[in-house]
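1. coords below, sequence missing:
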Ligand code: T46
């Protein structure tokens, strides 16, 4: 069987999209459901959340070989900078009904966390350190020869 193509050679920040999640509106508050179904761009197997981020601290600083992720600011706000090795884009997440889909092969950093913010992450893979590229120099090498 042929080796799978490394997504770093094809990843584009344009493929990272904002997904509008449905809201069940009620006068006593809103409710949003995240469920594996056609509404979602990927099936997920893991959920984690990032919270108590000190003022001025950054998170992320890596890319993945296989893992897709959906990020939601379920409280407060933060910025996500996406980098495909050639272009960058920064997206502000500040709505609990908006999810950012990050595809594999994209370097991401998160910064400007507001006080009390919580970043919910849905991941398509179980945790596996070998799925991470954590050195930016390695990422630049992997993305240097982008396929058209
Ligand atoms: C990502 C961004 C958005 C685990 O043991 N299991 C897990 O499922 C995760 C996510 C992390 N860890 C351990 C690994 C590290 O010792 O928790 C520690 C902190 O992880 P990391 O420094 O990777 O955290 P972030 O916030 O920089 O990145 C995380 C995810 O790791 C990453 O996939 O894209 O959130």
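-> Here it is on my side, so go on. As the structure is a prediction and not an experimental result, all values here were calculated from the model.

2. Which helix or which strand is home to the residue of the chain positioned farthest from its centre?
-> Largest separation from the mean C-alpha position in the chain: residue 27, at 31.2 Å (C-alpha atoms, centre = their mean). Using DSSP states H and E, residue 27 maps to neither a helix nor a strand.

3. how about the residues of the chain near the ligand?
-> Residues of the chain lying close to the ligand by C-beta under 6 Å from any ligand atom are 46, 48, 50, 59-60, 69, 108, 121, 127. (Glycine included, C-beta is placed from N, CA and C.)

4. Tell me if residue 138 really is in a strand.
-> No: counting by DSSP: H, G, I helix; E, B strand; the rest coil, residue 138 falls outside a strand, being helix.

5. related to what we said a few turns ago, between the residues of the chain next to the ligand, which is nearest residue 34?
-> Using C-beta to C-beta, residue 121 comes nearest to residue 34 of the residues of the chain next to the ligand, at 10.9 Å.

6. Report the beta-bridge partners for that closest one.
-> Beta bridges link residue 121 to residue 48, residue 71, judged by DSSP bridges.

7. If you rank the residues of the chain next to the ligand by neighbours, which is first?
-> residue 69 (23 neighbours; other C-beta atoms under 10 Å).

8. what's the distance between the closest residue to it other than its chain neighbours and residue 136?
-> Leaving aside its sequence neighbours, residue 69 sits nearest to residue 102 (C-beta to C-beta, 6 or more residues apart in numbering; 4.8 Å). Distance from residue 102 to residue 136, counting by C-beta to C-beta, to the nearest Å: 16 Å.

9. So between these two, which is more surrounded?
-> residue 102 (27 against 15).

10. returning to what we had before: looking at the residues of the chain next to the ligand, which are in strands?
-> Judged by DSSP state E, the residues of the chain next to the ligand include 46, 48, 50, 59-60, 69, 108, 121 as members of strands.

11. Thanks a lot, catch you later.
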